[in-house]
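Engineer: 3D model of this:
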Amino acid sequence: MIHSEGRKPGAAFHTEEQGNRLTDLQHINVKFLLEPQEGIDLGPLIPIFHGWIQEQPFPELLIDVADYSHVPSGPGVMIIGHEADYSVDNTDGRLGVRYARKETLNSSNQERLKQAARSALSALKRLEENTAIPGKLKFGGNEAEIVVNDRLLAPNRPETQRAVEPEISKFADQLFGPGAYQLAWQSDPRRLLGVTLKANQQFDVNRLIQNLQS
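Structural biologist: Numbering: from 1, shown residues only. Take a look at the predicted model:
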């Protein structure tokens, strides 16, 4: 990871071949990290997610459930949707609730980032409040990951990170407070463009939802 302090957004840097496309972020994934738990059983999520398919509580059409909980440090349990997927994800051994946007959105980068974050937080809130898994899935309070699942628009290179950082910083300023966080970029070029946001204080889910309302 490449680390930097949270800062106010500035002018973006663009590569010659990509130009302004670097400011057009699509297929955004946002994952909020949960409190670590050793050997947690994700099996109870399967009937919960099937219940969500029946209820359709989110704007996206939810279609099916995929169980990858047997895969070490893998994608966990996913609810597959038409426009987006929701999951309790354990990639890299970091348990969290992920929203993965698949359809494009005709809006600004900030609205796309906030839409993905609000969606992940809504799912996390429902899981925290679910009596079938009391206290099992709780937000860690200060950490989120953002991934851009589009290698064409956003290859994981230093120049892309410099181009995207003003947008990420502007979003993080609203989520956690101006400059009250650190950014750590995924440095492996074989991985998708990704950044971890770590706040300097603890938050609960309701507070973060409120922060993103404006």
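
Engineer: if I look at the residue lying closest to Asn200 once chain neighbours are set aside, how far off is Leu25?
Structural biologist: Nearest-residue entry for Asn200: Ala180, 4.9 Å, with adjacent residues in sequence omitted and distances by CB to CB, 6 or more residues apart in numbering. Yep, even glycine has a C-beta here, placed from its N, CA and C like the rest. Ala180 is 23 Å from Leu25, where distance means CB to CB, to the nearest Å.

Engineer: now do Leu33
Structural biologist: As judged by CB to CB, Leu33 and Leu25 stand 21 Å apart.

Engineer: Looking at those two, which one has more neighbours?
Structural biologist: Legend: neighbour count by other CB atoms under 10 Å for Leu33 and Leu25, higher for Leu25 (24 against 20).

Engineer: The spatially closest residue to Thr196 that is not a sequence neighbour: what secondary structure?
Structural biologist: The shortest distance from Thr196 to any non-neighbouring residue, by CB to CB, 6+ apart, is to Ala184 (4.4 Å). The three-state label given to Ala184 by DSSP: H, G, I helix; E, B strand; the rest coil is strand.

Engineer: Same check on the one 4 residues further on?
Structural biologist: Applying three-state DSSP to Asp188 yields a three-state assignment of coil.

Engineer: So it sits against Asn156, correct?
Structural biologist: Yes - Asp188 is in contact with Asn156 according to CB atoms under 8 Å; the separation is 7.3 Å.

Engineer: Looking at the two, which is more packed in?
Structural biologist: Neighbours were counted for Asp188 and for Asn156 using other CB under 10 Å; Asn156 has more, 19 against 9.

Engineer: Quick one: residues contacting the more buried one.
Structural biologist: Residues near Asn156 by CB atoms under 8 Å, 6 or more residues apart in numbering: 186, 188-194.

Engineer: got the contact list for the closest residue to it other than its chain neighbours?
Structural biologist: Computed as CB to CB, 6+ apart, the closest residue to Asn156 that is not its neighbour in sequence is Leu193, at 4.4 Å. Going by CB under 8 Å, 6+ apart, Leu193 touches 147-148, 154-156, 160-161, 164, 186.

Engineer: Just the buried residues of the contacts of Asn156.
Structural biologist: If you count burial by 16 or more other CB atoms under 10 Å, the buried members of the contacts of Asn156 come out as 186, 192-194.

Engineer: Now, those that are in strands?
Structural biologist: 193-194 (DSSP state E).

Engineer: Contacts made by the biggest strand by length in the chain with the rest, please.
Structural biologist: Scanning the chain for the longest strand, with DSSP E as the assignment, gives strand 139-148. Strand 139-148 has contacts (CB under 8 Å, 6+ apart) with 25-36, 94, 96, 113, 116-117, 124, 128, 154, 164, 168, 171, 175-176, 186, 192-205.
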